[in-house]
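just to be clear, the model below is a prediction. Sequence and coordinates:
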Amino acid sequence: MAGSDVDAPSVPSGGEGVASPLTTSTRQGLCLRGSRCHDCATATFPHQAGCPACTSTSVEQCLLGPRGFLWTYTWQRFPPPGIAPEQFKPFAVGYVEFGDDVRVEGVLAGAAEFTIGQEMELSIHEWAAYAFRPVGPRGEARS
Amino acid sequence: MTDVCIVGLGITPFGRHERSTGLDLAARATRLALADAGLHWTDVRAAAGGSMSAGGADTVVSQLGLTGIPFLNVFNGCATGGSALTAASALIESERADIAVAVGFDKHSRGAFRLKAADWGLGDWYEDAGMMVAPQFFAMRIQRYMHDHGITHSTLTAVAAKAFRNGALNPNAWRREPLGEEVINGSRMVCDPLRQHMFCSPAAGAVALVLASRARARQLTTSPVQLRGVASRTRRFGSFDAFSPAVPVRTSTSVTADAASVAFGESGVAPDEISVAQVQDTDAGAEIIHMAEAGLCADGEQEKLIHAGDTEIGGRLPINTDGGCIANGEPVGASGLRQVHEVALQLRGSAGSRQVPGRPVTGFTHVYGAPGVSACAVLVR
């Protein structure tokens, strides 16, 4: 049985806001902190101590983002359990694809409509740990 | 091919049960299944069962009788019933028992399931972001599937309309009123593109099956339904499932495809030989996707099949003939066994006004649960 020395860096899987363990600010913009496997190069999010693809425990932190493309989305139109109806406003949730690596789920913000394939950028958010916003008219789209 | 037969079927009405507990329903379904098999609880050598919100399955022995049998409690989200069947079947296969009971039951509070992120291996941030909501996953999955495979909104509506039409023929269904397409399309949007009448709702109900070895089954009945293949699987890397903060881009697998392929392989029956099927319709989109993932059709082919009526009770491949989760509601622990109950009933030719014509010989059942679990079975008479 391997000792605790094989455990991954001590990054908890939860947190809040821009300074949280889930995200970090870079010169390019806000990025997600995931993990990448030394053995098979698979990236995942959030950081975890084992590789979901090849089972290796040799993983290191990696950064994902700040930009990717919207892979799918939906609108949450009823208050999730525990949210009072008067405090609730519908919001969008989706997966953004970073390179040919990984799609990450998150709250979508900054628009009233979204389209699969549009370019999105990671940003801070008022109540979610992070959100994805449309890059804007200059952003390219792909299907 | 397994050596297991289904010799007893028991089901309670699905829906709201104000005066019964989930365990009461489990006891009632078990007694009905035993009576159907011509057996007593004292004949049962082992059992497996589960619920999400209605207590430990083994507790039901206090109502049925304290006979000392081994009783495995299982829980695999919405796939719990399938796991109970897999476990009970394994007890027969391993000759630990010649008669075993699989029982699934539940009784949920009204409204969407309240799930805690920590129970699903996720940080609180996931719940705090409002993402611990299962309908979001089903909506995002069908949204992408429609984009990739040309499925249209009218096909979602058609699946929901079929569910209510079939539910109207099923005395145990919760929703027994046919709903027109305009009513379905006029219901409120829940998670785009899925509307209220395209989703199942949490409910109460119980199902029990009595399983027997082939030798024992021959003594009990001249027409047992054979459980020719049964398999449960967790997801492999690349499967897109509920409550997944990340999914890979380059690898694509499906836990449903994995479980179905093992069940079909074990049975010696091919997907195109199936004459009646039950696939998990948590929502109308899920039925469409699961048809292809299980191998019953190609991706995108559903658009044509469904509009041509192929999945109707009189069609080439009737699907969810009892109204599915959409018309029966979703008691999480019970649904997987309701799938099997319905197909067994159809193979017996005892499905009443919703009986598939021509006495089907082969049937398939599928159940899917978060966070990426599936159980499938192939039945032959």
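Alright, I've got the coordinates.

hey, let's count contacts and neighbours off CA atoms from now on
Fine.

and residue 42, what does it touch?
Unless you meant another one, I'm taking chain A. A:Arg36, A:Cys51, A:Ala53, A:Asp101 (CA atoms under 8 Å, 6 or more residues apart in numbering or on different chains).

looking at chain B here, not the other one
Here B:Thr42 is in contact with B:Gly65, B:Thr67 (CA under 8 Å, 6+ apart).

got it, and B:Ala206?
B:11-14, B:22, B:25-26, B:29, B:103-106, B:331, B:333-334.

wait, which of those is closest to chain A?
B:Pro331 (17.9 Å; CA to the nearest CA).

and the closest one, what's its pLDDT?
If you check B:Pro331, the pLDDT there is 97.

can you give me the neighbour number for B:Asn185?
19 (other CA atoms under 10 Å in any protein chain shown).

wait, it touches B:Arg195, no?
Yes - under the criterion of CA atoms under 8 Å, B:Asn185 makes contact with B:Arg195 at 7.2 Å.

can you pull the contacts of the residue nearest to B:His149 when sequence neighbours are not counted?
Spatial nearest neighbour of B:His149, excluding adjacent residues (CA to CA, 6 or more residues apart in numbering or on different chains): B:Gly300 at 4.7 Å. Residues in contact with B:Gly300 (CA under 8 Å, 6+ apart) are B:His149, B:Gly150, B:Ile151.

quick check: closest non-adjacent residue to the second one.
Pointing back at B:Gly150 there. Closest to B:Gly150 by CA to CA, 6+ apart is B:Gly300, at 6.2 Å.

can you tell me how far that neighbour is from chain A?
Distance, B:Gly300 to chain A, by CA to the nearest CA, to the nearest Å: 17 Å.

residue numbers of the stretch 201-350 of chain B in contact with chain A?
Applying CA under 8 Å from any CA of the partner chain, we find that the stretch 201-350 of chain B lies next to chain A at B:Phe237, B:Ser244, B:Pro245, B:Ala246, B:Val247, B:Pro248, B:Val249, B:Arg250.

I'd like those written out as TSV, with secondary structure, neighbour count and distance to B:Ala37 added.
Supplementary listing: those in TSV, determined by DSSP: H, G, I helix; E, B strand; the rest coil; neighbours: other CA atoms under 10 Å in any protein chain shown; distance: CA to CA, whole Å:
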residue	secondary structure	neighbour count	distance to B:Ala37
B:Phe237	coil	17	42
B:Ser244	coil	22	42
B:Pro245	coil	17	46
B:Ala246	strand	22	47
B:Val247	strand	24	45
B:Pro248	strand	23	47
B:Val249	coil	16	49
B:Arg250	coil	10	49
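
secondary structure element for the residue in chain B sticking out farthest from the centre?
Distance from the C-alpha centroid of chain B, by CA atoms, centre = their mean, peaks at B:Trp125 (31.1 Å). Using DSSP states H and E, the element containing B:Trp125 is helix B:124-128.

C-alpha coordinates for that helix, PDB please?
Only the C-alpha atoms of helix B:124-128 are listed here, as PDB (Å, rounded to 0.1, in the frame of the first residue of the first chain):
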ATOM      1  CA  ASP B 124     -20.000  22.300  -2.400                       C
ATOM      2  CA  TRP B 125     -19.200  24.900  -5.100                       C
ATOM      3  CA  TYR B 126     -21.000  22.600  -7.600                       C
ATOM      4  CA  GLU B 127     -24.300  22.800  -5.600                       C
ATOM      5  CA  ASP B 128     -23.800  26.500  -4.800                       C
END
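
check whether that helix comes near chain A.
Yes - using CA under 8 Å from any CA, we find that helix B:124-128 touches chain A at B:Asp124, B:Trp125, B:Tyr126, B:Asp128.

what strand or helix carries the residue minimising distance to the centre of chain A?
Among the residues of chain A, the one closest to the centroid is A:Val104, at 4.3 Å (CA atoms, centre = their mean). Assessed by DSSP H and E, A:Val104 sits inside strand A:102-108.
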